[in-house]
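Undergrad: coordinates only, sequence not included:
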DNA sequence: GTTCTAGAAC
DNA sequence: GTTCTAGAAC
């Protein structure tokens, strides 16, 4: 056993009072477990014992029982213990979790780093204690990661830290290095991006690309237990849940240093139709009003929990300016313990007046921790918001109320002339007055927390009710504007959908949002504004529906000239006599993909004008979808007659590059010189690809299809679609898939997602 | 040095 | 969607 202890700096007495802990490390070979232990042990004020199975037997590998025995004796001596072994499967760690007791907490530190990184470290390392060197490392790491089961609090951990990139690891190192003998750490699960799915994540570099899709892997192609939830970010400075970094503009990431946001996907930035309005609110009363943070965090979490059911697609975000703010970490821990949906409520570090411009987080409503006179000035959030909003906010506030009593809130629509509106997209400010515990401020409660808590509860209730009233009003207005659009379709051609939205009766508010939207369009599209305007098909401009006429951007998109080819074929197949065309029917055209990404790759193209992509599909298209599927299936079966070894998959890209709804019928060999890049691969092998059978089911049941439209799906780590092993680049991946005969993942074998020759059904 | 990727242009 | 190519990665 390694006794990496540092006895020099602590007195015996201290150790006796202190509670030892067990930290179970989890991670593949090369994930840095031993290094982690060494770093902590070097700088910690505690006595640690590192129990390493690789070396426990006089420097050689030992048994699990030896590890347990040594851990128990270390704990008896009051020492804290690192369990340094892979521990990737639940069963492998269960006995170590049992080391916990009322006196001994068991923590998990998960070094869930990219497979690529672990592999390269394992390969490179020489003289590693576990003797896992050389070329076999890749195979071993891949195999282990495929069995990975991420830990859950329910296994018996009081605290779990997920580290998915180097900065997470640094944060965990800081946490445990500074974890003194008498300190306690908040309980809960920290830093995991998506607890329930195993989304593969991109190999992008920090500042160049964003990271984990928050929700995109939930479809059939994500496999429980697959080694997928791996982040390749190397420098992300965001600790405790890095998702929000995906929202940040490049220059903002440096400033937003802490966030926990498993819920906000890049769609919040892009403003896709699935977004809901977001209320950003500061912690009320805990700053200048000196309200106790523990009590305040209880109330925030309790009130958030109460409002969860009423939120619909709206979201709440607690904002604080400083990284490592006590109130944020308390709220995070308590929200995690209560299993509050992290998609609907999360925390964010940043300036509440610059959430969009600097943080990339679009919050249409922000709350202000106001003073009772509703006046600018003072300090903190109140001063910041009044400053950022300019005199417009003061004027608009006066129209609504002259003063506030503690525990109440007032909703103020923000004029579009306010910079906070034009730059940040804020439509409303809600002033909230919380209880005051500061004797130097008016209405001090003098330490009466019974009353204080009541008032703070009331304050949050008023705030959330105010927000919900805005949400429901806006939803109604967008319905009305939608009705109006339907009545006046002639006004829309030639404009982006901002045109129709200007007909809405909401006046100022609408214009303001349109400003943001245009900003986004100009960022997203490389073409000129003119191009944007003209390339949106006029038949689509009137199609803005109730959903996409909401606060956020519609699904409508601009198509470049190069993206029109399929549309032209669909409209006039007879003019395209080229040899790609296979079949022309009343509703569909079948053609070979011009750039096939597999031995067989066909497109079944709808001839319906105005149906550009999966996002446009509604219940009235159900029969068409079934026809497309049936035609695709017919062709797949024809090819299977010729070559029984083929396997087909039928489906749609969540966001196609080419206009005009088309079904891909693609053989799963992916044997094509034209499959050249990560986007090609991931567009057919991640949740970005929506199986036709699932789409039909969704349209039938819900009236629309789920779009896994997060760009990050397309830049995820390259993994074999059969065995899910990770590969560093396209050539290596292709070389692997040409030989891989692993069975397809179960999810693909279900529900006829794969189409096989009858003779091939048992062993694809 | 070569291989490979990612972003811009089309 | 592809092509081109700078520059990162090896």
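TA: Now that the structure is in, tell me what you want to look at. It should be emphasised that the depicted structure is a prediction, and the values quoted were computed from it without experimental measurement.

Undergrad: DNA strand C versus the closest residue to residue A:612 other than its chain neighbours, what's the distance?
TA: Closest residue in space to residue A:612, ignoring its immediate chain neighbours: residue A:659 at 4.9 Å, by Cβ to Cβ, 6 or more residues apart in numbering. Quick note: C-beta positions are derived from backbone N, CA and C, even for glycine. Applying Cβ to the nearest atom of the strand, to the nearest Å, the value for residue A:659 to DNA strand C is 9 Å.

Undergrad: would you say residue A:659 is within a helix?
TA: No: counting by DSSP: H, G, I helix; E, B strand; the rest coil, residue A:659 is not part of a helix but coil.

Undergrad: so what pLDDT did it get?
TA: At residue A:659, the model reports a pLDDT of 95.

Undergrad: cool, and residue A:15?
TA: What the model reports for residue A:15 is a pLDDT of 45.

Undergrad: on that earlier part again, for the residue nearest to residue A:612, grab phi and psi.
TA: phi -70, psi 150 (degrees, to the nearest 10).

Undergrad: residues touching the residue in chain A positioned nearest to DNA strand B, list them.
TA: Nearest to DNA strand B in chain A, going by Cβ to the nearest atom of the strand, is residue A:729, at a distance of 3.0 Å. With contact set as Cβ atoms under 8 Å, 6 or more residues apart in numbering, residue A:729 has these partners: residue A:718.

Undergrad: how much space is there between it and DNA strand C?
TA: 8 Å.

Undergrad: Torsion angles phi and psi at that residue?
TA: According to degrees, to the nearest 10, residue A:729 has phi -150, psi 170.

Undergrad: Could you do residue A:50 as well?
TA: phi -100, psi 120.

Undergrad: If we ignore the residues flanking it in sequence, what's nearest residue A:738?
TA: Nearest non-adjacent residue to residue A:738 (Cβ to Cβ, 6+ apart): residue A:671, at 6.7 Å.

Undergrad: what about residue A:100, neighbour count?
TA: Residues near residue A:100, counting by other Cβ atoms under 10 Å, number 18.

Undergrad: for the one 5 residues further on, same thing?
TA: Applying other Cβ under 10 Å, we find 20 residues neighbouring residue A:105.

Undergrad: Ok, the one 4 residues further on next?
TA: Taking other Cβ under 10 Å as the criterion, the count of residues near residue A:109 is 29.

Undergrad: Strand partners (parallel or antiparallel) of the strand or helix carrying it?
TA: In this assignment (DSSP states H and E), residue A:109 forms part of strand A:105-111. Take DSSP bridges as the rule and strand A:105-111 pairs in its sheet with strand A:21-26 (parallel), strand A:159-163 (parallel).

Undergrad: Pull the distance from the helix or strand following the shortest one to the chain's centre.
TA: The reference is to strand A:159-163. Helices and strands here follow DSSP H and E; after strand A:159-163, the next one along the chain is helix A:166-177. On the basis of Cα atoms, centre = their mean, to the nearest Å, helix A:166-177 sits 21 Å off its chain's mean C-alpha point.

Undergrad: partners of the helix or strand just after helix A:166-177, with directions?
TA: Per DSSP H and E, the first helix or strand lying C-terminal to helix A:166-177 is strand A:188-190. Strand pairing for strand A:188-190, using DSSP bridges, gives strand A:159-163 (parallel).

Undergrad: Look at the residue in the stretch 301-450 of chain A positioned nearest to DNA strand C and give its secondary structure.
TA: At 23.4 Å from DNA strand C, residue A:360 is the closest residue in the stretch 301-450 of chain A, using Cβ to the nearest atom of the strand. Residue A:360 falls in the coil class when you classify it by three-state DSSP.

Undergrad: do the same with residue A:650
TA: strand.

Undergrad: And the pLDDT for it?
TA: pLDDT at residue A:650 comes out at 98.

Undergrad: Report the contact partners of residue A:728.
TA: Per Cβ under 8 Å, 6+ apart, neighbours of residue A:728: A:116, A:119, A:718.

Undergrad: contacting residues around the last one?
TA: Applying Cβ under 8 Å, 6+ apart to residue A:718 gives the contacts A:203, A:678, A:681, A:682, A:726, A:727, A:728, A:729, A:730, A:733.

Undergrad: Done for today, thanks.
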